[in-house]
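Undergrad: Dropping the sequence and predicted coords here.
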Amino acid sequence: MKTFIERVRSGEPTRGTFLNLGSALAAEVCALSGFDWLLVDLEHGAGGEEALLGQILAGAIHDVPVIVRTESAERIRAGHVLDLGAHGVMFPRLDTVDEVVAALSHLRYPPEGDRGVAGYNRARQFGADARSAHEVNESLLGVVQIETLQALENVEEIAAAPGADVLFIGPSDLSTALGVAGQLESPEFLAALDRVDRAARGAKVAAGILTSDPGRTDWYHEHGFSFVAVASDSALLRSAATSAASSNKS
């Protein structure tokens, strides 16, 4: 069987969801719901790093990989979430290939990167992990967000950056930057989707996006976006709760 990272790198369609409630129990519900991966959002989510380990463990107990979106591309931020056992890092708001190369280097031990070398942490089985540094490096997913005009303009170079596995569109930020905030069917936004898809295909990396509509997932898969996030724990809960509260109301 393919590993998670092999599935992503081969372009196999996967579905995940964002975790922004900061709740290990919500993470476990999502892990039990059939998602291929979960993504803890430290940039916009309600939970801080103190809640991260519980969410990683909730995914691990059900063999669902957990990725973390860090608040910034600082080396220490990426290294800490990886030491806790994250399967990869999503970096927000990177505009240039130099910024991307620097951020992705934080995922990898030397000489391929500049991640701090420490063996006695959860990710390395507290000293029992016999994998080489290169094997660990190859097991981690690097996700780069495309959410600004500058990033879109540089997307072909960004796609070719060493260690970039997924180009992930932030639809709210990118549509706003394009002057069509929230208009995800507009010609401008669809043209941006096409450019990111072509850049990803050219570099043989995956393209990803967040959708609030579960029914839109197949459309994105059919249009080249193999790594699709379906809403978030909070959005899914609110949708279900709203539906339940309004059903059979007279």
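TA: Great, that's in hand.

Undergrad: Next, count neighbours for the closest residue to residue 109 other than its chain neighbours.
TA: Once flanking residues are discounted, residue 109 sits nearest to residue 133: 4.0 Å by Cβ to Cβ, 6 or more residues apart in numbering. In this view, the C-beta of every residue, glycine as well, is placed from N, C-alpha and C. Neighbour count for residue 133, taken as other Cβ atoms under 10 Å: 15.

Undergrad: what's the answer for residue 231, then?
TA: Look at residue 231: counted by other Cβ under 10 Å, it has 17 neighbours.

Undergrad: Repeat that for residue 160.
TA: Using other Cβ under 10 Å, residue 160 has 16 neighbouring residues.

Undergrad: Which pLDDT value goes with the closest residue to it other than its chain neighbours?
TA: In this structure, residue 160 finds its nearest non-sequential neighbour in residue 203, 4.8 Å apart by Cβ to Cβ, 6+ apart. For residue 203, the pLDDT comes out at 98.

Undergrad: didn't residue 203 look like it was pressed against residue 164?
TA: Yes. Contact criterion Cβ atoms under 8 Å: residue 203 and residue 164 qualify, at 7.3 Å.

Undergrad: wait, residue 62 sits on residue 27?
TA: No. At 9.6 Å, residue 62 does not count as touching residue 27 under the criterion of Cβ under 8 Å.

Undergrad: Please identify which of these two sits among more neighbours.
TA: For the pair residue 62 and residue 27, the greater number of neighbours falls to residue 27 (28 against 14), based on other Cβ under 10 Å.

Undergrad: Let me know the secondary structure of the residue nearest the centre of the chain.
TA: Centroid-nearest residue in the chain: residue 90, 4.7 Å away (criterion: Cα atoms, centre = their mean). Following DSSP: H, G, I helix; E, B strand; the rest coil, residue 90 is assigned to strand.

Undergrad: quick one, what contacts it?
TA: Residue 90 makes contact with 39, 67, 68, 69, 70, 143, 144, 145, 168, according to Cβ atoms under 8 Å, 6 or more residues apart in numbering.

Undergrad: again, 6 Å this time
TA: 67, 69, 143 (Cβ atoms under 6 Å, 6 or more residues apart in numbering).

Undergrad: Out of these, list just those in strands.
TA: 67, 69, 143 (DSSP state E).

Undergrad: What's opposite the closest residue to the last one other than its chain neighbours in the beta bridge?
TA: Once its chain neighbours are removed from consideration, residue 143 has its nearest residue in residue 90; the separation is 3.9 Å (Cβ to Cβ, 6+ apart). Residues found in beta-bridge contact with residue 90 (criterion: DSSP bridges) are residue 69, residue 143.

Undergrad: Report the separation between residue 90 and residue 103.
TA: Distance, residue 90 to residue 103, using Cβ to Cβ, to the nearest Å: 10 Å.
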